[in-house]
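Peer 1: Quick one: sequence and predicted model below, then my questions.
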Amino acid sequence: MKKIKISILIANYNGEKYLNRCIHSCLSQKIKSRFEIIFVDDNSTDDSLEKVKKFKKKLELIKTKKKKNISKFNTYYQLNTYYQGFIKSKGEIICFLDSDDYLKKNKLSKIDYYFSKYKNLEFIFDRPRMINSKGIISRNPKNYSFRVNKWPLFPPQSCISVKRETIQKNIGKLFKKKFPLTTLDFRIAALSDQFREKTFFLDNELTYYFQHEGNESNKNFSLFNSNWFKRRLEGFDYYETVNKKKIRTLDYYFTRIANIIF
């Protein structure tokens, strides 16, 4: 039997109404290489586990253990969910997927192609296709890239694919508990800044990214509120810890002052 080339890690919390769409998009991938789907549920209180039962022969289901309330925000718990999926995975390439997002049919074949053709690659960021609750699909015009004296402008978690060995070598940095507000996509983007020549920002739209209008997480970190500034300052601290270099821009000083005020 062929070795597993790609592992799709699906992180879920109360995503019941999106699961069919998400999982079917994984099962519909047009790719010759062998891949696996690992579905990790973070103690959902809806019927997510009932929904996913019909797929139990086609994926591996992991339920995270109930844990103490470490944070009032879900950032740490999502980080732990992906960690649990990673340690169970076997693929050479890890593709992350939030359960409310879904993949284009050619995503895995594209990711496999670029990692196979360019052996030095360690990170691939593909471009999201935005979709909202009304089913309206639109293009995201952002120019994802590295920037001078700033952290990278990067797409959301579901658009990120990383070599397994890269995660393994940096597992302490990526899953460090010390930064409870710092999301995994930011951590990966910050880490990739060390490996610019091994990172590829793919212009193909390979992932449908679901935009939640007014969900609780967005409200908690709405633009320029106190939590937003706390997360941003923590982001600077994380970036500097991982990369051993400082960013001292006007943005940095403004963020630090705002944290003192709030």
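Peer 2: Here it is on my side, so go on. Numbering: from 1, shown residues only.

Peer 1: Can you show me the strands along the stretch 51-200 of the chain?
Peer 2: Residue ranges of the strands in the stretch 51-200 of the chain, as given by DSSP state E, counting those that start in this stretch, are 60-63, 93-98, 102-103, 123-131, 137-139, 145-147, 150-153, 160-163, 199-210.

Peer 1: okay, the second one in CSV with CA atoms only?
Peer 2: Extracted as CSV, the C-alpha positions of strand 93-98 are listed here (Å, rounded to 0.1, in the frame of the first residue of the first chain):
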residue,chain,number,x,y,z
ILE,A,93,2.3,17.2,4.0
ILE,A,94,-0.1,18.7,6.5
CYS,A,95,-3.2,20.6,5.2
PHE,A,96,-5.2,22.5,7.8
LEU,A,97,-9.0,23.0,7.5
ASP,A,98,-11.5,24.7,9.8
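
Peer 1: ok, and what's touching it?
Peer 2: When contacts are defined by C-beta atoms under 8 Å, 6 or more residues apart in numbering, strand 93-98 is touched by residues 5-12, 15, 22, 26, 82, 86, 103, 107-108, 111-112, 115, 156-158, 160-164, 167, 184-185, 207, 210. Bear in mind the C-beta positions are built from the backbone N, C-alpha and C, glycine included.

Peer 1: got the buried residues for that strand?
Peer 2: Within strand 93-98, the residues that qualify as buried are 93, 94, 95, 96, 97, 98, counting by 16 or more other C-beta atoms under 10 Å.

Peer 1: Return the distance of stretch 123-135 from the chain's centre.
Peer 2: Using C-alpha atoms, centre = their mean, to the nearest Å, the distance from the centre of stretch 123-135 to the centre of the chain it belongs to is 12 Å.

Peer 1: list the buried ones in it?
Peer 2: Of all the residues in stretch 123-135, those buried under the rule 16+ other C-beta under 10 Å are 123, 124, 125, 126, 127, 128, 129, 130, 131.

Peer 1: so the first one bridges to which residues?
Peer 2: Translated: residue 123. For residue 123, the beta-bridge partners are residue 162, residue 199 (DSSP bridges).

Peer 1: wait, isn't residue 77 in contact with residue 40?
Peer 2: No - applying C-beta atoms under 8 Å as the test, residue 77 and residue 40 come out as separate, 10.8 Å apart.

Peer 1: So the two - more neighbours on which side?
Peer 2: residue 40 (24 against 18; other C-beta atoms under 10 Å).
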